[in-house]
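# requesting a structural model of the entry that follows:
(2 chains)
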Amino acid sequence: MSTSEIDRQWTTRLRRRGFGKLPPEKMLPDTQPSYVASWIYVFGVATISALIVVIATGCVLAIFGPQWWHVSNIGHFVNSLHLWSVEIFFFSMVVHLWGKYFMAAWRGGRAMTWITGMVLFLMSVVTALTGYVSQTNFDSQWISTQAKDAINSTGGGAFFNLLNPGQMLMWHIVLMPLVLVLLVGAHVVMVRIKGVVPPFEENVGADQ
Amino acid sequence: MSKKAFRPDVDAPEWKGGHTPYDIIKEGTIAVVVIGLLTVLLAVVFGSPDVPAITIKSWSNHAPVDFATTALSELNGTSLTAAYGAPYNIQPASANQNLGPLKLDYWVGVHIPINTVTDFVVDPLKALPNQPVLHKSLAKWSGASASTRAAWVASYTKAAGKMKFENGQVIVNATNAGPVPLMINDLTMMARSGALDQALITGDSFYSTDYTQSLLFISDGSYLADVAGKQHLQGNQWGVMNETGSYPGSAWLWLYTFWYQISPFSTSSNADILVLATMIILTAGLTLMPFIPGLRSIPRRSRVYRLIWREHYRSQK
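Below you'll find the predicted structure:
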């Protein structure tokens, strides 16, 4: 096999392109710019950490099924872990979002990082909604019967039926987490490729 | 060729300063452990709410008149579900929610067809075994013309304002109501036994994960809303972001919930689509912030960033 033939292989091209943009020392850095020195930076990793706890506790709930936590003290405790990790996840994500907003973290070709972050927030809201309506308790009944009107008003209720806990549970534990995890991965890779946005240079330029 | 001007809200300066050691794996591990411990602490201290679901059985036993009145509304077509429109049944476009000239749900149409008369009343009653009087009444109902049925239901509805529930029976002094009194009474008995819960969920099938009919029927009554009101879950109680008990709920929906509290949203028959459209516009604005001149300058102009990077600016002095 000639060198040129190897160069043309999809695998070779993908590896070169991938490692060209994101070499190991960028993916797993051992230094960071000295301006990264604020508590606000903690909330990005806190969000991902909370997501890990959300997924782990959700997996335990999935093992035993959607009714388990109503009849088992251990199940109820795991549900409590799931709930509070979700609350920490959203709290961290919102603080992270506003922190990045005030840094104008989209600067320097980082617009897609900002946009994926926003999309992640929106998808997390939908994921939480599908979770609330899959609880099989009074909260599920009330939230689903109230929220259905908003979904139905868009025409979306014909395909995304909040009153069908079977459909909602599938969205909650398969489709939404799959997309969320992929997007989080893309978001983190973008951050590693571009690095953390540098501070504003003061006394530079007018509004653009 | 001239060099492109530096735009401070779009471009970022190249960092030429120093670097500090950073152990990303160690930081990530510590973060997961700390967040995990914080989660355990919160779960141990506060737990999580789990108010049992309302069943049609519990509803009809706690509030039989409300149930029977709701059953009548399914029969006479005045219930929320009967008059809902898409995706459940065909109604004029004006009965659906419209966003100006956009009639989105109306255009998408009926995809989860529900006829409240047959699905919520007649078919469940037909499933009851060994009820010769009831089945004779249902045959009378099925054999009657639409105008006759309407006259029976109208007669019963007229007298139903003084409906009572005594000695396990629905009492309505209606005349010329045909089989309707028996149908409403027997459906109430069926509900109180728990049989209607199952009939609405499974229909002709054994398995089901779809509770659309049960939930719609329950939400057509006022019992569900009464219980929700006691749990501060009504719309005017910022209920969209609450959950049962004293828990934070979906606090992230505060802005979405806020619009429902103020005019014109709070008084509009198109409130849901209007609030949703407003949130979509605001969210699109925030998402596309990097491309909106003026708005993208707010972070720089607000100078909040000086708090975030205070050590950096202090070191520059």
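
# in which helix or strand does residue B:110 reside?
Using DSSP states H and E, residue B:110 sits in no helix or strand.

# can the one helix or strand residue B:72 maps to be found next to chain A?
Following DSSP H and E, one finds residue B:72 within helix B:64-76. No. On the criterion C-beta under 8 Å from any C-beta of the partner chain, helix B:64-76 is out of touch with chain A, staying 13.5 Å away. To be clear about C-beta, it is placed using only N, CA and C from the backbone, and glycine gets the same treatment.

# might you name the residue of the stretch 101-250 of chain B sitting closest to chain A?
Closest residue of the stretch 101-250 of chain B to chain A, C-beta to the nearest C-beta: residue B:209 (2.3 Å).

# how close does the nearest residue to that residue once chain neighbours are set aside get to residue A:4?
Leaving aside its sequence neighbours, residue B:209 sits nearest to residue A:166 (C-beta to C-beta, 6 or more residues apart in numbering or on different chains; 2.3 Å). The span separating residue A:166 from residue A:4 equals 54 Å under the rule C-beta to C-beta, to the nearest Å.

# sorry, back to before: my guess is the residue of the stretch 101-250 of chain B closest to chain A meets residue A:161, correct?
No. Applying C-beta atoms under 8 Å, one finds residue B:209 not in contact with residue A:161, separated by 10.8 Å.

# which residues touch the residue of the stretch 101-250 of chain B closest to chain A?
By C-beta atoms under 8 Å, 6 or more residues apart in numbering or on different chains, the contact set of residue B:209 is A:164, A:165, A:166, A:167, A:169.

# what does stretch A:144-161 contact?
Outside stretch A:144-161, the residues that touch it by C-beta under 8 Å, 6+ apart are A:129, A:133, A:162-163, A:165, A:167-168, A:171, B:84, B:86-87, B:96-97, B:99, B:104-105, B:107-112, B:210, B:212, B:215-216, B:218-219, B:224, B:235, B:239-240, B:270, B:272-273, B:275-276.

# neighbours of residue B:235, how many?
Residue B:235 has 16 neighbours, counted by other C-beta atoms under 10 Å in any protein chain shown.

# for chain A, give the residue positioned nearest to chain B.
Counting by C-beta to the nearest C-beta, chain A gets nearest chain B through residue A:166, at 2.3 Å.

# that residue against residue B:210, yeah?
Yes. Residue A:166 lies in contact with residue B:210 (C-beta under 8 Å); the separation is 6.1 Å.

# these two: who's more crowded?
Each of residue A:166 and residue B:210 has its neighbours counted (other C-beta under 10 Å); residue B:210 has more, 19 against 14.

# which one is the more buried one nearest to, not counting chain neighbours?
The shortest distance from residue B:210 to any non-neighbouring residue, by C-beta to C-beta, 6+ apart, is to residue A:164 (4.4 Å).

# by contact count, what packs against the helix or strand of chain A with the lowest mean pLDDT?
One helix or strand of chain A scores below all others by mean pLDDT, DSSP states H and E: helix A:3-8, with a mean of 87. Contacting helix A:3-8 under the criterion 3 or more C-beta pairs under 8 Å, 6 or more residues apart in numbering or on different chains; DSSP states H and E is no other helix or strand.

# next secondary structure after that helix?
Counting by DSSP H and E, what follows helix A:3-8 is helix A:10-21.
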